[in-house]
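[1] kindly generate the corresponding structure for this input.
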Amino acid sequence: MRSFLEIHPNLVSEWSPVNELGPDQVSYGSNKPIIWNGVCGHTWTATPKNRGNNHGCPYCSGNKVLVGYNDLASVHQGVAAEWSARNLPTTPRQVTARSDKSFWWKCSTCGNEWKARIADRSEGHGCPFCAAVALEKRWQARRDAKQKLLDSKRHNRLIQNRQKQFAKDLENNAFRIAVIRYYSEQTGYLVVYDQIGRIGIPLQFFFPEKCAAIELTSHLKKGWKDWRYENAKNWLCLNSDIKLIRIIPQTGYKFENCKCVRLKNSSAEALNYTLTQVFKRLKIPMDIDVLRDYDKIRRYLEC
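    Residues are numbered from 1 along each chain as shown. From the prediction side, this is the model:
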C-alpha cells in the first residue's frame, strides 16, 4: 500500500491529530473521511483521495457555508437585504456569497422581484428593472444632447440667414420705405401716405399736424425729367408752407427748396443716423434702431 504520507508529504501538516489513523496508515486513494486543519485556520472533513486531487478548504473555496465567514449575510449585507421572502425557509446565512445557485431578489428601490445567481449579485449585478430605467435615462440624455446640438445648429443657421436677409434688405428701397413708415407711426402723429394733398401731387410721408413731409429719393431713373419733377414738388411744398425733408443717396443729386439729409451707405448704422437726423429736423425725438426693430419692420414690408 502506498500511503498518503508517501505520495503527498506536503499535505501531511494539515492532517489533524484527532484522526484515529496517521497519514502513514492510510492509502493516498482512500475514501475514508479524514479531519483536516488548514493553514487558513479552518477545520473540515475530506477523503485523502479528495485532498490528493488538489481540493482544499471548502470554506475558502465557497463550496461550504461557514456562518460569519463566507455566508451571504456576512459578506454582502446590502445584497442579503434584498433576499426575497419567496426563498424561505432558505436564508442568506445558509448560502455562500459565491454560490452558483439562483434565488429570488426584491429590489429595495423599485420593489420588483427577479431571479439571479448569488455569485452574480456578489459581483455587483443589480436590479434589471432599475438598470433598464437607468439605461433609458442615459439614452434620453444622449437624445436630449443631440437635440440640443441640432437646435443650436438650427438656431445659428436661422441667425445667419436673418443676418443675410437683413443686409440684403438694407440695400432695398422698399425696405427703407417700410422703416420710415414704422418709425413715423411710432411718433404719435397722424401720417398720410402717398396721397394727393394740398399741393396737387402725392407726398410719400405727410405729417399734417407738423405741416411737414419726408421723401426717400433714390437715384433718379429718368435723370433730368425726374429731377425736374422732384424740384417742382419742392417748390410746391415751399409755397404751401410744407417743410419737406429729403433722404438722398451719398452720390445723388442735391435738391433746392428743401432740406436734404444724405444716406452715406447701406449699413444699419448709417440708416439709424440718417433717420435720427430727419426726425430731429421735425423736432420729434426718436429712438431708432433698425436691427432691434427688424422683425416689426418686416411686417410693414409684407403689408
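[2] quick check: end-to-end length of stretch 40-57?
    For stretch 40-57, the first-to-last residue distance is 8 Å (CA to CA, to the nearest Å).
[3] equivalent analysis for stretch 44-53, please.
    Start-to-end, stretch 44-53 (CA to CA) is 16 Å.
[4] what mean pLDDT does it get?
    Mean pLDDT, stretch 44-53: 89.
[5] now that stretch: buried residues?
    Within stretch 44-53, the residues that qualify as buried by neighbour count (16 or more other CB atoms under 10 Å) are Trp44, Ala46, Thr47, Pro48, Lys49, Asn50, Arg51, Gly52. Yep, even glycine has a C-beta here, placed from its N, CA and C like the rest.
[6] let's have these in TSV, adding secondary structure and distance to Leu21.
    Listed next are the buried residues of stretch 44-53 as TSV, based on DSSP: H, G, I helix; E, B strand; the rest coil; distance: CB to CB, whole Å:
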residue	secondary structure	distance to Leu21
Trp44	strand	17
Ala46	strand	15
Thr47	coil	13
Pro48	helix	10
Lys49	helix	15
Asn50	helix	16
Arg51	helix	14
Gly52	helix	16
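[7] pick the one among the residues you listed closest to Ile180.
    Of all the buried residues of stretch 44-53, Trp44 has the smallest distance to Ile180: 102.0 Å, by CB to CB.
[8] could you list the low-pLDDT ranges of the chain?
    For the chain, applying pLDDT under 70 flags the ranges 219-224, 303.
[9] where do the strands sit along it?
    For the chain, applying DSSP state E gives strands covering 34-37, 43-46, 102-106, 113-117, 192-196, 202-207, 212-216, 243-249, 259-263.
[10] need the winner for burial among those.
    With neighbours defined as mean count of other CB atoms under 10 Å, those peak in mean count at strand 212-216, which reaches a mean of 23.
[11] and that strand, which strands flank it?
    strand 202-207 (antiparallel), strand 243-249 (parallel) (DSSP bridges).
[12] ok, residues contacting the last one?
    Strand 243-249 is touched from outside by 176, 180, 203, 210-219, 230, 233-234, 237-238, 254-255, 257-263, 274-275, 278, 281-282, with contacts defined as CB atoms under 8 Å, 6 or more residues apart in numbering.
[13] could you redo the last one with a cut-off of 7 Å?
    Strand 243-249 is contacted from outside by 211-219, 234, 237, 254-255, 258-263, 274, 278, 281, using CB atoms under 7 Å, 6 or more residues apart in numbering.
[14] buried residues, stretch 184-193. List them.
    For stretch 184-193, using 16+ other CB under 10 Å, the buried residues are Ser184, Thr187, Val191, Val192.
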